[in-house]
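Trainee: Prediction below, plus the sequence it came from.
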Amino acid sequence: MLVSPEQVERRHKQPSSCPHALHLRLLLLGALMAALMVAIASFFRGSAHINTLKFDIDSSERSSKFVIEEKPAPPQFPFPSSFSSADAAPPPSITKTIGLGNYFSEHMFKVALLRSSLITRHPEEAHLFFLPFSINLLRNDPRVHSEASISEFVTQYTTKVRRDFTFWNSSAGSDHFYVYCHSVGREAASRLYDLQNNAIQVTCSSSYFQRYYVSHKDVGFPQVWPRPHEKALTPPDARHKLVYFSGRIQNSRIRQELIALWGNDSYMDVFSGSPPFPYEEGFRRSKYCLHVKGYEVNTARVSDAIHYGCIPVIISNYYELPFANVLNWSKFAVIINQGEIALTKKKLLSITTRKYLNMFRNLCQVRKHFCWHKTPRGFDSFHMTAYQLWLRRNINRLSH
């Protein structure tokens, strides 16, 4: 249903009755741009970044033009607590059971978005529109909880947005986006054609062969656990273990093969389940940390490895790595085909000390891209994800 121009004009003139109907302008501050220009010179040789000059120009243009509107929960819509925001908190019954963990990135993107530097109440200026339902909150809400109920909730919400907001109708949803880190989000969106095929999904589970994921349309962003700040990284010469991995193997043939090969290798800390020491220590004392495909192509181990200064070894075919159009992953990570897992140790031992030290230096350089802050900081995960969205701002875009 298309809304008439007269209705649009009246809607724009009337202040929103919803306190969370914020129209968000994502702008980088002048100081950030100055820092970017200083930093660019050091990125050209041996850089972990791809085409840094283009990234700089794009980021500068994005900072002056990119605008996002957050779609509010429609009036009288049930379960408003399932629309996470910087100001609203879930009810106590949900707070007791909610666990961010693997879904921390989903939560922090929304918090950072609502705390980004400038807010506008003029949706006609927006390049993109944000659908703020939270899959994680829905999963932990006893009133919804089940996958079928979550899918029904998302369908009802999107249907109301299509009915009540003309901007969806003018683009069939192609300039709208939603964020999630749980596979339930993928299934929930599949029930509505426009949401699945037109809207941009921002997801941790980004695979070239994943159902409903379209690489040129959708955005893969990093799955990050809420880890305490690491004041000082363990230096390379103090990392005495070659490899570290610990995790469940029941849902992964590749992980089972890994344990069978090196579960008893004294030079490699490879464990089925939890290690006999604190989980974080494995990252601190190892040169390389394995990310091996489990149920999904992604896990938080990639971000954990980067956080603790351990070179990621990615054994997960078809994983569309976060920010791959900006970051040259081969400069700070090792990528091994799942079919060559038996060659992992040989490949890692063949890496020269000089190359390893270069990779460690590059890893230190990109760590800031895998951090979330409640109030966004330059080049953090929020700004890197916003840049990916900005690149997609004109895909199938129609005039309002």
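Mentor: Structure received. Note that the structure is predicted; figures quoted are calculated from it, not measured.

Trainee: tell me the domain boundaries of the protein?
Mentor: Domain assignment for the chain, taken from automatic domain parsing, gives 5-27+66-224+373-391, 236-370.

Trainee: of all those, which lies closest to residue 230?
Mentor: Of all these, domain 236-370 sits nearest to residue 230, with 6.2 Å by C-beta to C-beta. From N, CA and C alone the C-beta is placed, and that goes for glycine too.

Trainee: how about the helices in the stretch 301-400 of the chain?
Mentor: For the stretch 301-400 of the chain, the helices defined by DSSP state H, counting those that start in this stretch occupy 301-308, 344-349, 353-366, 381-391.

Trainee: now for the last one, which elements pack on it?
Mentor: The one in question is helix 381-391. Helix 381-391 sits against helix 52-65, helix 104-114, strand 200-203, strand 219-220, with contacts defined as 3 or more C-beta pairs under 8 Å, 6 or more residues apart in numbering; DSSP states H and E.

Trainee: Now it - C-alpha only, PDB.
Mentor: Extracted in PDB, the C-alpha atoms of helix 381-391 (Å, rounded to 0.1, in the frame of the first residue of the first chain):
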ATOM      1  CA  SER A 381      33.400  -2.400  14.500                       C
ATOM      2  CA  PHE A 382      30.500   0.000  14.300                       C
ATOM      3  CA  HIS A 383      32.200   2.400  11.900                       C
ATOM      4  CA  MET A 384      33.500  -0.500   9.700                       C
ATOM      5  CA  THR A 385      30.000  -2.000   9.600                       C
ATOM      6  CA  ALA A 386      28.500   1.400   8.800                       C
ATOM      7  CA  TYR A 387      31.000   1.800   5.900                       C
ATOM      8  CA  GLN A 388      29.800  -1.600   4.500                       C
ATOM      9  CA  LEU A 389      26.200  -0.300   4.700                       C
ATOM     10  CA  TRP A 390      27.200   3.000   3.100                       C
ATOM     11  CA  LEU A 391      28.600   1.100   0.100                       C
END
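
Trainee: Enumerate the positions of that helix that are buried.
Mentor: Going by neighbour count (16 or more other C-beta atoms under 10 Å), the buried part of helix 381-391 is 381-390.

Trainee: now the stretch 301-400 of the chain, which segments are flagged as low pLDDT?
Mentor: 395-400 (pLDDT under 70).

Trainee: Could you measure from the residue nearest to residue 236 when sequence neighbours are not counted over to residue 174?
Mentor: Closest residue to residue 236 apart from its sequence neighbours, by C-beta to C-beta, 6 or more residues apart in numbering: residue 360 at 5.3 Å. Distance of residue 360 to residue 174, given as C-beta to C-beta, to the nearest Å: 41 Å.

Trainee: worst average pLDDT in the helices and strands packed on helix 381-391?
Mentor: The minimum mean pLDDT among those belongs to helix 52-65 (a mean of 49).

Trainee: Tell me which stretches of the protein form strands.
Mentor: Along the chain, counting by DSSP state E, strands occupy 23-25, 67-70, 118-120, 128-130, 176-180, 200-203, 219-220, 241-247, 268-272, 286-292, 311-315, 334-335.

Trainee: So for this protein, the centremost residue is which one?
Mentor: With distances taken as C-alpha atoms, centre = their mean, the residue of the chain nearest its centroid is residue 221 (2.6 Å).

Trainee: Thought residue 322 was touching that one, still the case?
Mentor: Yes - counting by C-beta atoms under 8 Å, residue 221 does reach residue 322; the two are 5.4 Å apart.

Trainee: so what sits against both of the two?
Mentor: Residues touching both residue 221 and residue 322 (C-beta atoms under 8 Å, 6 or more residues apart in numbering) are 206, 384.

Trainee: the longest helix in the protein is where?
Mentor: In terms of residue count, the longest helix belonging to the chain (DSSP state H) is helix 147-164.

Trainee: thinking again about what came up before, may I see the helices of the stretch 301-400 of the chain organised as JSON lines, with distance to residue 194 added?
Mentor: Compiled in JSON lines, the helices of the stretch 301-400 of the chain are given as follows (distance: least, C-beta to C-beta, whole Å):
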{"stretch": "helix 301-308", "distance to residue 194": "32"}
{"stretch": "helix 344-349", "distance to residue 194": "43"}
{"stretch": "helix 353-366", "distance to residue 194": "36"}
{"stretch": "helix 381-391", "distance to residue 194": "18"}
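
Trainee: Packed most tightly, which of these would that be?
Mentor: Most buried of the helices of the stretch 301-400 of the chain by mean neighbour count (mean count of other C-beta atoms under 10 Å) is helix 301-308; its value is a mean of 24.

Trainee: Give me the angle between that one and strand 286-292.
Mentor: 160 degrees (axes from the mean of the first three to the mean of the last three C-alpha atoms, to 10 degrees).

Trainee: Please list all residues in contact with residue 292.
Mentor: 245, 247, 252, 254-255, 258, 315-316, 341.
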